[in-house]
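Asks: Test case, fold it:
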Amino acid sequence: MRISYSRWVAQAETRQERMENLISLFSQLLMQTGGDVQEAIDWLEELDREHDIFTADLTMQDFVEELKKRGFIAED
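Replies: Below is the predicted model of the structure:
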């Protein structure tokens, strides 16, 4: 069997798929930070700086608003 790989292109995913993947990543970061929401968001911002995971179509602010909407996080 022969397998070939191609470069991952974020735009190939729908906005909803990207949101679900980011929520999964955030959940993993949240576990690694012992439940510290701000630290998990800080890590996500660092990953964005290194890997451009957010775009004009789906910004960090959009992501945070979705987390609030789903009840994952709340403002103090």
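Asks: mind checking pLDDT for the nearest residue to residue 73 once chain neighbours are set aside?
Replies: Of all residues not flanking residue 73 in the chain, residue 67 sits nearest, at 4.6 Å (Cβ to Cβ, 6 or more residues apart in numbering). C-beta: built from backbone N, CA, C; applies to glycine. Residue 67 carries a pLDDT value of 95.
Asks: my read: residue 67 touches residue 74, true?
Replies: No: with contact defined as Cβ atoms under 8 Å, residue 67 does not reach residue 74; the gap is 9.3 Å.
Asks: Looking at the two, which is more packed in?
Replies: residue 67 (18 against 8; other Cβ atoms under 10 Å).
Asks: what sits against the spatially most central residue of the chain?
Replies: What sits nearest the mean C-alpha location of the chain, by Cα atoms, centre = their mean, is residue 22, with 2.6 Å. By Cβ atoms under 8 Å, 6 or more residues apart in numbering, the residues touching residue 22 are 44, 53, 58, 63.
Asks: so where's this protein shaky on pLDDT?
Replies: 8-12 (pLDDT under 70).
Asks: go with 80
Replies: 1, 3-13, 76 (pLDDT under 80).
Asks: So which residues of it form strands?
Replies: Counting by DSSP state E, the chain forms no strands at all.
Asks: longest helix of it?
Replies: Across the chain, the helix with the greatest residue count (assigned by DSSP state H) is helix 15-32.
Asks: Next, the buried residues of it.
Replies: For helix 15-32, burial by neighbour count (16 or more other Cβ atoms under 10 Å) applies to 18-19, 22, 26, 29-30.
Asks: Any chance of a markdown table for those, columns distance to residue 36?
Replies: Formatted as a markdown table, these follow (distance: Cβ to Cβ, whole Å):
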| residue | distance to residue 36 |
| --- | --- |
| 18 | 24 |
| 19 | 22 |
| 22 | 18 |
| 26 | 12 |
| 29 | 9 |
| 30 | 8 |
